[in-house]
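1. Fold the following, please.
(2 chains)
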Amino acid sequence: MKERIFEIIASAVRDIGEEMEIESLQQVNEATKLFGNGGALDSLSLVSLIADVEEKIVDTFERSIVLADERAMSQRTSPFRDVGSLCAYVEKLLND
Amino acid sequence: MIRLKPYTDLTPQEHQELLKVRNLETIRNASTETKIIDLSDHLQWIESLKISNAKIYYAVIENETLRGGLHLILNSDKSATWGIFFDPKTPLGLIASATLYFIDRSFEHFGRERLYSLIRNDNGGAIAFNRQLGFKPLEQNDDFVQMELDKKGWIAQKEKKILKNILQYAAHYPIQSEQP
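-> Predicted coordinates for the structure are as follows:
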């Protein structure tokens, strides 16, 4: 499951990296920073990424999840800070 | 359902909730007016809104939770200055949905040809947010940068993949605007 989640997120990050012409988002690994301190995304492009990831999760796992709800926004450590933290958050939501 | 409710129609309880959000340190530090606003000053200012056709202020309410505010100051030359603030816990999709709806409404319903943002120079997040909406820097001084978006630019921006994606996602957060 972890690998499939990583592939979904990495593919969505690469797409947005190409759209925004941000090189750091086109070479994706777990440490790739997304949002917040040092991250390459602003809040609107993060919403676009989230929309892509949620859609691909439904296609792959036939499960619907909501990534950017109040629970996510209230966490002391943001699940959107890098690819690894987003992968872990998606996995947690799928296992809930 | 998200409601845009005119400040002038808020209940006493909603005015308090609005100030609670508006007076959060993170929001004050990003605003043109950084001091804490007390309730009596706020209510006095609300009275001035009731007799102004040029100042449009809405609270953003999700179910029963007041999330933030949006405003538009209309100028006589078909332009306007707009601004937003949201509780940091607000879901990002809601912020995006309310913002896109309000910009569309500014051009279509309020007949504006140009919108201006006034943003603190050190507020990189807000500057990036405005750029993503298609705003371009116009003027800058030691404290603020003024950014501009015209109607043609907005229509073009909405055709880009990122905003298309967001507009699709915004359907999760349907919005209803109340008339002042």
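
2. okay, now residue 6: neighbour count?
-> As the question left the chain open, I've gone with chain A. 19 (other C-beta atoms under 10 Å in any protein chain shown). Every C-beta, even on glycine, is put in place using the N, C-alpha and C of the backbone.

3. look at chain B instead
-> Taking other C-beta under 10 Å as the definition, B:P6 ends up with a neighbour count of 17.

4. That one and B:Q179 touch, don't they?
-> Yes. Contact criterion C-beta atoms under 8 Å: B:P6 and B:Q179 qualify, at 7.5 Å.

5. Who are the contact partners of the residue of chain A found nearest chain B?
-> Residue nearest to chain B within chain A (C-beta to the nearest C-beta): A:D42, separated by 3.5 Å. Applying C-beta atoms under 8 Å, 6 or more residues apart in numbering or on different chains to A:D42 gives the contacts B:G125, B:A128, B:F129, B:R131, B:Q132.

6. Rebuild those residues as TSV, extending it with secondary structure and pLDDT.
-> Formatted as TSV, the contacts of A:D42 follow (DSSP: H, G, I helix; E, B strand; the rest coil; pLDDT from 0 to 100):
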residue	secondary structure	pLDDT
B:G125	helix	84
B:A128	helix	87
B:F129	helix	90
B:R131	helix	92
B:Q132	helix	90
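
7. Enumerate the residues of chain A near chain B.
-> Counting by C-beta under 8 Å from any C-beta of the partner chain, chain A comes close to chain B at A:16, A:19-20, A:42-48, A:50-52, A:68-70, A:72-74.

8. Just say helix, strand or coil for A:G38.
-> In three-state terms, and counting by DSSP: H, G, I helix; E, B strand; the rest coil, A:G38 is coil.

9. for chain B, which strand is longest?
-> Ordering each strand of chain B by length in residues (DSSP state E) puts strand B:65-74 first.

10. Which positions within that strand qualify as buried?
-> B:L66, B:R67, B:G68, B:G69, B:L70, B:H71, B:L72, B:L74 (16 or more other C-beta atoms under 10 Å in any protein chain shown).

11. neighbouring strands for the helix or strand just after that strand, and are they parallel or not?
-> Per DSSP states H and E, strand B:65-74 leads on to strand B:79-86 as the next helix or strand towards the C-terminus. With DSSP bridges as the test, strand B:79-86 is paired with strand B:65-74 (antiparallel), strand B:114-120 (parallel).

12. Contacts for the longest strand of chain B next, please.
-> If you take C-beta under 8 Å, 6+ apart as the criterion, strand B:65-74 is touched by B:4, B:7, B:14, B:17-18, B:21-22, B:53-61, B:80-87, B:90, B:94-95, B:98-99, B:102, B:106, B:110, B:112.

13. are any of the residues you listed buried, and which?
-> Buried residues within the contacts of strand B:65-74, defined by neighbour count using 16+ other C-beta under 10 Å: B:4, B:7, B:14, B:17-18, B:21-22, B:55-61, B:80, B:82-87, B:90, B:94-95, B:98-99, B:102, B:106, B:112.

14. Those in strands, which ones?
-> Short answer: these in strands (DSSP E) are B:4, B:55-61, B:80, B:82-86.

15. could I get those as CSV with pLDDT?
-> Rendered in CSV, the data for those read as follows (pLDDT from 0 to 100):
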residue, pLDDT
B:L4, 96
B:K55, 96
B:I56, 96
B:Y57, 97
B:Y58, 97
B:A59, 97
B:V60, 97
B:I61, 97
B:A80, 98
B:W82, 97
B:G83, 95
B:I84, 95
B:F85, 95
B:F86, 95
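
16. Most widely separated two among the residues you listed?
-> Using C-beta to C-beta, the two most remote members of these are B:I61 and B:A80, lying 22.5 Å apart.
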